[in-house]
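Peer 1: fold the stuff below for me.
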Amino acid sequence: MLQTPNYRLFGKKYDSLGSLLDRVTSDNEKLDPVDCYVIVMCARQMCQELGRAFPDYWSRRSDDVKVLQKRFDGLKATRNALVEQNGDEFREFLEWFDRWFLNRAEPVETDS
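Peer 2: Below is the predicted model:
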């Protein structure tokens, strides 16, 4: 197996997922909190889908996956900033958004 997926997902260099998460959540990076939140949610969704699509690979990398999952769990500051900025009602929206964002949509067949 190529090392590229391991490196991109679990590596520590500038073009790895961990580095992206560091940049998104650092105080030096002046991204809009919504942009940060969506980037983190996309990363979580990608990891979730990789785990579903490649369960053997994901289980072989279980230690790395646990570290990455802790990173996602630790990124609640971005979520809290959004709630603080937009009020408590926004917390309800984010709960709805999180649930639907991380669920895979079923394709809808249309009549031609």
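Peer 1: give the buried residues for the helix or strand hosting residue 64.
Peer 2: Residue 64 belongs to helix 62-73 when assigned by DSSP states H and E. Neighbour counts over helix 62-73 (16 or more other Cβ atoms under 10 Å) mark 65, 68, 71 as buried. The C-beta positions use only the backbone N, C-alpha and C, and glycine is treated the same way.
Peer 1: ok, the nearest residue to the second one once chain neighbours are set aside - contacts?
Peer 2: It refers to residue 68. Distances taken as Cβ to Cβ, 6 or more residues apart in numbering place residue 47 nearest to residue 68, at 6.3 Å, with adjacent residues excluded. Applying Cβ atoms under 8 Å, 6 or more residues apart in numbering to residue 47 gives the contacts 9, 17, 65, 68, 69, 72.
Peer 1: got any ranges where this structure has weak pLDDT?
Peer 2: 1-4, 27-29, 112 (pLDDT under 70).
Peer 1: that one: helices as residue ranges?
Peer 2: 4-10, 17-25, 33-53, 55-60, 62-73, 76-86, 89-101 (DSSP state H).
Peer 1: for residue 107, find the nearest of those helices.
Peer 2: Residue 107 lies closest, by Cβ to Cβ, to one member of those: helix 33-53, at 15.1 Å.
Peer 1: CA atoms only for the closest one - export them in PDB, please.
Peer 2: The C-alpha coordinates for helix 33-53 follow below in PDB (Å, rounded to 0.1, in the frame of the first residue of the first chain):
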ATOM      1  CA  PRO A  33     -15.800  30.900  12.400                       C
ATOM      2  CA  VAL A  34     -18.400  29.600   9.900                       C
ATOM      3  CA  ASP A  35     -15.600  28.700   7.400                       C
ATOM      4  CA  CYS A  36     -13.600  27.000  10.200                       C
ATOM      5  CA  TYR A  37     -16.600  25.000  11.300                       C
ATOM      6  CA  VAL A  38     -17.500  23.800   7.800                       C
ATOM      7  CA  ILE A  39     -13.900  22.900   7.100                       C
ATOM      8  CA  VAL A  40     -13.800  20.800  10.300                       C
ATOM      9  CA  MET A  41     -17.100  19.200   9.500                       C
ATOM     10  CA  CYS A  42     -15.900  18.300   6.000                       C
ATOM     11  CA  ALA A  43     -12.800  16.700   7.500                       C
ATOM     12  CA  ARG A  44     -15.000  14.700   9.900                       C
ATOM     13  CA  GLN A  45     -17.300  13.600   7.100                       C
ATOM     14  CA  MET A  46     -14.400  12.500   5.000                       C
ATOM     15  CA  CYS A  47     -13.000  10.400   7.800                       C
ATOM     16  CA  GLN A  48     -16.400   9.000   8.500                       C
ATOM     17  CA  GLU A  49     -16.800   8.000   4.900                       C
ATOM     18  CA  LEU A  50     -13.300   6.500   4.700                       C
ATOM     19  CA  GLY A  51     -14.000   4.400   7.700                       C
ATOM     20  CA  ARG A  52     -17.200   3.100   6.000                       C
ATOM     21  CA  ALA A  53     -15.600   2.500   2.600                       C
END
